[in-house]
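[1] Here is my input, please return the structure:
(4 chains)
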Protein chains: 2
Amino acid sequence: MGARATSKPVKASTQPQRPNLAAVAALAGVSASTASLAFSSAGPVSDATRAKVLAAAAALDYAGPDPRAQSLRRGRSGIVGVVIEDRLSEAFRDPMNIAMLDGIVEVTGAAGLALLLITDTGGAVDIAVAPMDAVVVIGCSTRLDQSVATLRRRGIPIIAVEAAPMTGVVPIDLDNREATRLGAQHLDELGHRQVAIVSLPLGPDPLEPGLGRGRLTAEWEASSSAFTATQRLLGARDVYPDAKGFVAAGSLVEEGEVAGRELLSRPDRPTAIIAQSDLLAVGVVRAAEALGLLVPQDVSVLGFDGARIDGYELTTLVQPAVDKGRAAGRAILAGLAGEPDLPASFTSVLRIGNTTGPVHR
Amino acid sequence: MGARATSKPVKASTQPQRPNLAAVAALAGVSASTASLAFSSAGPVSDATRAKVLAAAAALDYAGPDPRAQSLRRGRSGIVGVVIEDRLSEAFRDPMNIAMLDGIVEVTGAAGLALLLITDTGGAVDIAVAPMDAVVVIGCSTRLDQSVATLRRRGIPIIAVEAAPMTGVVPIDLDNREATRLGAQHLDELGHRQVAIVSLPLGPDPLEPGLGRGRLTAEWEASSSAFTATQRLLGARDVYPDAKGFVAAGSLVEEGEVAGRELLSRPDRPTAIIAQSDLLAVGVVRAAEALGLLVPQDVSVLGFDGARIDGYELTTLVQPAVDKGRAAGRAILAGLAGEPDLPASFTSVLRIGNTTGPVHR
DNA sequence: ATTCGTGGTCGAATCGATTCGATCGAATCG
DNA sequence: CGATTCGATCGAATCGATTCGACCACGAAT
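    Numbers count the residues shown, from 1 in each chain, chains lettered A, B, ... in the order given. Coordinates of the predicted model:
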């Protein structure tokens, strides 16, 4: 059996060569076009023919049309990219991200689209090589600009959730600044004058690039590449222009604890702390308790998100995370359908919990 | 301007037709093959030529080779499917799933593969239509069988994490049964004789299909479609063959609370509860506290997973979730490289916390 | 001076399906 | 009974790139 196998011996023996539509058609005694019709059921095919084709497919162990070929021919892959900046483990620890993702899935899933997770950790390479029909960037830091440019050249719809406005990108916005200002006003009305901020990550500190965590400086604030954090910072500054701050390295309870310890153990301890997420706020509350301070008697804590974290009833700004996701999903669908852009913007509402109270001295 | 636009007016006017490699090559004055080489840098191309091609690409606003065409030609799409049974919001609330996913990303991401999230909620349709190079099924219930069959016909590597053995599927296993038995023995040594189980979802109750939650019956246990839950059940039965149980509708704290209330408010209240996840265990502890019971004095609680849930120091079985993910990632890579199957199996270790103690009456 | 590489480029086949227009037979209608 | 239409099927072009073998020219070796 070695004589005639000289042309392509390895390939032929190891791989029995997956059958393709043409092979199925041949076995069924019909043309490839008819076989295609039989599978896609997008044209008139007699029942007898369809049965023959299906039988031939079964005989050859054919799994149906190759998705790769389909996506080339149709120009659609059925895949929506989701660009997330952090590592997954970090991004998914924040319930807001999950809620939003779930909103996206709810809408896109119903339309038969699957989600491709793209972590931005590598270079800007990955993002451009996947066969996506559309892409959503979440918490897009400014350094994604070049990747976005590539995507735009490719002509696919780009949706950005809470990002700086860019031409050709459909925005899904949240009133981060106004909402934070609202929360700050609440603190102001309670009489708080010494207020500190715990900020979400701002990107690398220009002065001392290190852990991504540390006391907030004017330089750092100015060079921030994080849109949402900056907006919330501005909202706080609208009421407390000179508030001190601490930048966390992630939206995590532990980070909030670090920040809280840092801010509350100083002699000029603030009477209230504006945390940019509920997870951070919980950390701050813990730090306060660890330092023997009572919340809200000794220190008020304001959160952001409206995550239901059990054991706590934070005063916070409740954002419609799932709706944000749904809106992103609808924006994708609109983009794919060639309809006009479908931007959206959402507002957060202040929910008073038991972590803020009148200043007490 | 209407006269000569009769042939294909709509398409030509709305879409400026994205340029393709051929167009770039033409403008650069080279052949398509050379242009391809210039982009892929997988062959000898003079620097001058490459520069010409790149310049032409820039002039035409060409974004690089179309990923769809590439994946057809190369037979690879760079996409790994991850099949998750629940809704994302539910699956991602369990830290174990996230940890594992992160392990997968760590390995596959380094190899330039992106993850396609596939929720199993719809029919078995979706799963087969995406252009994937490999697929990982997580917590695969038996009803995925047909989808797996399709995938296998397609000839792509299939990795299953904690699933019933199937031919052609590479298993990544955890010692669910043995580990649970170990935990049960720990309770046994502490003198517990009245023990109840809080089980992870088992699939629909054959007798009364409802919420997916309720008292564990022999019929339900026998008809379970959930592999992991069944294994852990068996491990508990190895020590306590007649233990009563309650089936939760998800791995959630709230579900644990429901189950705990149900089991602990009865007159024949157990002295210990085996929960099949740490989240469930926390819920049980909360329920106990709500009922005025002390843990572990009045009731011992055993968890599973080794998730670090703050505020609690559960006695639990610590499983290497991230390693499981990494192993799955390596199994994928091996499969894609045509190497022999790379299965793996992991063991959990008992970590004694402060939620179990000697029986006290 | 002739030959032997070899870097650089090109043609053409191929990946696997979809889809438009054409064809052909049969059934319907006038 | 001839013309029309409709349903079923087929051919061929197309989607956009990759890649193998061929080819050409030029410098080096004999």
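
[2] how about the strands in the stretch 251-361 of chain A?
    For the stretch 251-361 of chain A, the strands defined by DSSP state E, counting those that start in this stretch occupy A:272-275, A:300-302, A:316-318, A:344-346, A:349-351.

[3] Any chance of CSV for those, columns mean neighbour count?
    C-betas here are computed from N, CA, C, even on glycine. Below are the strands of the stretch 251-361 of chain A laid out as CSV (neighbours: other C-beta atoms under 10 Å in any protein chain shown):
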stretch, mean neighbour count
strand A:272-275, 32
strand A:300-302, 29
strand A:316-318, 25
strand A:344-346, 15
strand A:349-351, 14
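
[4] so which of these comes closest to DNA strand C?
    strand A:344-346 (30.8 Å; C-beta to the nearest atom of the strand).

[5] Paired strands for that closest one, with orientation please.
    If you go by DSSP bridges, strand A:344-346 pairs up with strand A:170-174 (parallel).

[6] related to what we said a few turns ago, in JSON lines, list the strands of the stretch 251-361 of chain A along with distance to DNA strand C and mean pLDDT.
    Shown next, in JSON lines, are these (distance: least, C-beta to the nearest atom of the strand, whole Å; pLDDT from 0 to 100):
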{"stretch": "strand A:272-275", "distance to DNA strand C": "52", "mean pLDDT": "98"}
{"stretch": "strand A:300-302", "distance to DNA strand C": "54", "mean pLDDT": "98"}
{"stretch": "strand A:316-318", "distance to DNA strand C": "45", "mean pLDDT": "98"}
{"stretch": "strand A:344-346", "distance to DNA strand C": "31", "mean pLDDT": "98"}
{"stretch": "strand A:349-351", "distance to DNA strand C": "46", "mean pLDDT": "98"}
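
[7] So for residue B:170, which of those sits nearest?
    Residue B:170 sits nearest to strand A:344-346 of all the strands of the stretch 251-361 of chain A, at 42.9 Å, using C-beta to C-beta.

[8] What mean pLDDT does stretch A:212-225 get?
    Mean pLDDT, stretch A:212-225: 94.

[9] Could you work out the end-to-end span of that stretch for me?
    The stretch stretch A:212-225 measures 12 Å between its terminal residues, going by C-alpha to C-alpha, to the nearest Å.

[10] And that stretch, how far out from the chain middle?
    Its chain's C-alpha centre and that of stretch A:212-225 lie 23 Å apart, by C-alpha atoms, centre = their mean, to the nearest Å.

[11] hang on, the earlier thing: residue A:146 is nearest to which of the strands of the stretch 251-361 of chain A?
    Per C-beta to C-beta, nearest to residue A:146 of these: strand A:344-346, 25.9 Å.

[12] Give me every residue in chain A lying close to DNA strand C.
    Residues of chain A lying near DNA strand C by C-beta under 7 Å from any atom of the strand: A:18, A:20-22, A:32-33, A:36-37, A:39-40, A:42-43, A:64-66, A:68-70, A:72-74.

[13] Give me the buried entries from those.
    A:20, A:21, A:36, A:37, A:39, A:64, A:65, A:66, A:68, A:70, A:72 (16 or more other C-beta atoms under 10 Å in any protein chain shown).

[14] Same list (the strands of the stretch 251-361 of chain A) but as TSV, adding distance to residue B:163.
    Formatted as TSV, these follow (distance: least, C-beta to C-beta, whole Å):
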stretch	distance to residue B:163
strand A:272-275	42
strand A:300-302	45
strand A:316-318	39
strand A:344-346	40
strand A:349-351	42
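
[15] Of the ones you listed, which is nearest residue A:117?
    Closest to residue A:117 of those, according to C-beta to C-beta: strand A:344-346, at 22.5 Å.

[16] Now do the same for residue A:209: its pLDDT.
    81.

[17] cool, and residue A:8?
    Residue A:8 is assigned 35 on the pLDDT scale.

[18] Which of the residues of chain A next to DNA strand C fall in helices?
    A:21-22, A:32-33, A:36-37, A:39-40, A:68-70, A:72-74 (DSSP state H).

[19] ok, which stretches of the stretch 201-350 of chain A are helices?
    Using DSSP state H, counting those that start in this stretch, the helices found in the stretch 201-350 of chain A span residues A:218-222, A:227-239, A:253-264, A:278-290, A:321-336.

[20] Let's have those helices in CSV, adding distance to residue B:231.
    CSV is the format used below for the helices of the stretch 201-350 of chain A (distance: least, C-beta to C-beta, whole Å):
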stretch, distance to residue B:231
helix A:218-222, 51
helix A:227-239, 43
helix A:253-264, 32
helix A:278-290, 34
helix A:321-336, 34
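
[21] a markdown table for those helices, including mean neighbour count and distance to DNA strand D?
    Shown next, in a markdown table, are the helices of the stretch 201-350 of chain A (neighbours: other C-beta atoms under 10 Å in any protein chain shown; distance: least, C-beta to the nearest atom of the strand, whole Å):
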| stretch | mean neighbour count | distance to DNA strand D |
| --- | --- | --- |
| helix A:218-222 | 13 | 41 |
| helix A:227-239 | 21 | 32 |
| helix A:253-264 | 22 | 43 |
| helix A:278-290 | 25 | 43 |
| helix A:321-336 | 22 | 16 |
